[in-house]
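Undergrad: what would the 3D arrangement of this be:
(4 chains)
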2 protein chains.
Amino acid sequence: MSNAKVLPLLEPDVVAACCPPLNERPMSADEAEVAAKMFKALGDPVRLRLFSAVASHEGGEACVCDISDVGVSQPTVSHHLKKLKEAGLLSSERRGTWVYYRVEPSVLAAMGALLAGAAKTA
Amino acid sequence: MSNAKVLPLLEPDVVAACCPPLNERPMSADEAEVAAKMFKALGDPVRLRLFSAVASHEGGEACVCDISDVGVSQPTVSHHLKKLKEAGLLSSERRGTWVYYRVEPSVLAAMGALLAGAAKTA
DNA sequence: CGTCTATGTTGACACACATCAAAACAAGAG
DNA sequence: CTCTTGTTTTGATGTGTGTCAACATAGACG
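TA: Here you go, the predicted structure:
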């Protein structure tokens, strides 16, 4: 498909602007590509568990060492965290020895609104 | 691996029961696998557009002929609609010559609640 | 019955992706 | 400086998946 796309990261602004309610009108190809990238990021069991582990930590913050019990090797965990970060769902911050990951509330709110709107289909 | 999983379809009951709020506690492997299947179904731009086209139709119902303008061949459209049906997001019904697809509100509500809960992370 | 339109299925292929082993990088401790 | 621990990157591999062409099925209409 010649995906010469330039958008490597999804920023909160882009995400918040990309999401018309799912049942308002048919999504355009561009909107769908942005939104699908977020859904795809959560479409893997390991990533979903990692994300849930971060979100359920106090303050929505957790270091990698706390959430590595998902049944895969540590490099794989790092790989998935990178994917989640690229999708704009997580943000990382190095604090001394450990790296802490944190959820991005605005992105989740946008996705939730997108689905909640569709659920209200008459 | 050895995904000898028996769950071919996602029923509304399963979906509604599978979804603890994303930030309540870390998801179990089983919960994540069910929820990830739904997210993965929406993780493709074509599927997301097809779903949006169905959801935005009156009554959340549309025949295939109305939503085939997504830039791919008709067999591909049929393939994606089948995937969405397997994920429990759509249901199909043959009415004479045309086949009508309809959204499954309960599944969407579950997904929306899952994300909306996570968005309220303190 | 025969044909035509509308959908779904099968087979095949290319690309993407999840996974791990091994190496590399970062930061603190001795 | 060296060693140890935590994290990421690289390389390779097997599996999954999106796509289409070709064929098959279902109903309508003459």
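Undergrad: point me to the residue of chain A nearest DNA strand D.
TA: Of the residues in chain A, the one nearest DNA strand D is A:Pro75, at a distance of 3.0 Å by Cβ to the nearest atom of the strand. In this view, the C-beta of every residue, glycine as well, is placed from N, C-alpha and C.
Undergrad: what mean pLDDT does the top helix by length along chain A have?
TA: Secondary structure assigned by DSSP state H gives helix A:105-119 as the longest helix of chain A. When the per-residue pLDDT values of helix A:105-119 are averaged, the result is 78.
Undergrad: do that helix and chain B meet?
TA: Yes. Using Cβ under 8 Å from any Cβ of the partner chain, helix A:105-119 reaches chain B at A:105, A:108-109, A:111-116, A:118-119.
Undergrad: which residues are contacting the helix or strand harbouring the residue of chain A closest to DNA strand D?
TA: Secondary structure assigned from DSSP states H and E places A:Pro75 in helix A:74-86. Applying Cβ atoms under 8 Å, 6 or more residues apart in numbering or on different chains, the contact partners of helix A:74-86 are A:8-10, A:41, A:44, A:46-47, A:50-51, A:64, A:67-68, A:70, A:72, A:90-92, A:101.
Undergrad: going through these, which ones are buried?
TA: With neighbours counted by 16 or more other Cβ atoms under 10 Å in any protein chain shown, those contain buried members at A:10, A:41, A:44, A:46-47, A:50-51, A:64, A:67-68, A:70, A:90, A:101.
Undergrad: least confident pick among those residues?
TA: Comparing pLDDT over the buried ones among the contacts of helix A:74-86, the lowest reading goes to A:Leu10, 55.
Undergrad: could I get the full set of helices for chain A?
TA: Under the criterion DSSP H, chain A carries helices at the ranges A:12-18, A:29-41, A:45-56, A:74-86, A:105-119.
Undergrad: deepest in the core, which of the ones you listed is it.
TA: Scoring the helices of chain A by mean neighbour count under mean count of other Cβ atoms under 10 Å in any protein chain shown gives helix A:45-56 as the most buried, with a mean of 25.
Undergrad: give me the helices and strands touching that helix, please.
TA: strand A:61-63, helix A:74-86, strand A:98-103, helix B:29-41 (3 or more Cβ pairs under 8 Å, 6 or more residues apart in numbering or on different chains; DSSP states H and E).
Undergrad: the shortest one near DNA strand D anywhere?
TA: When you say that, I think you mean strand A:61-63. Yes. Interface with DNA strand D: strand A:61-63 contributes A:Cys63 (Cβ under 7 Å from any atom of the strand).
Undergrad: quick check: neighbours of that strand in the sheet, parallel or antiparallel?
TA: According to DSSP bridges, the neighbouring strands of strand A:61-63, each with its direction, are strand A:98-103 (antiparallel).
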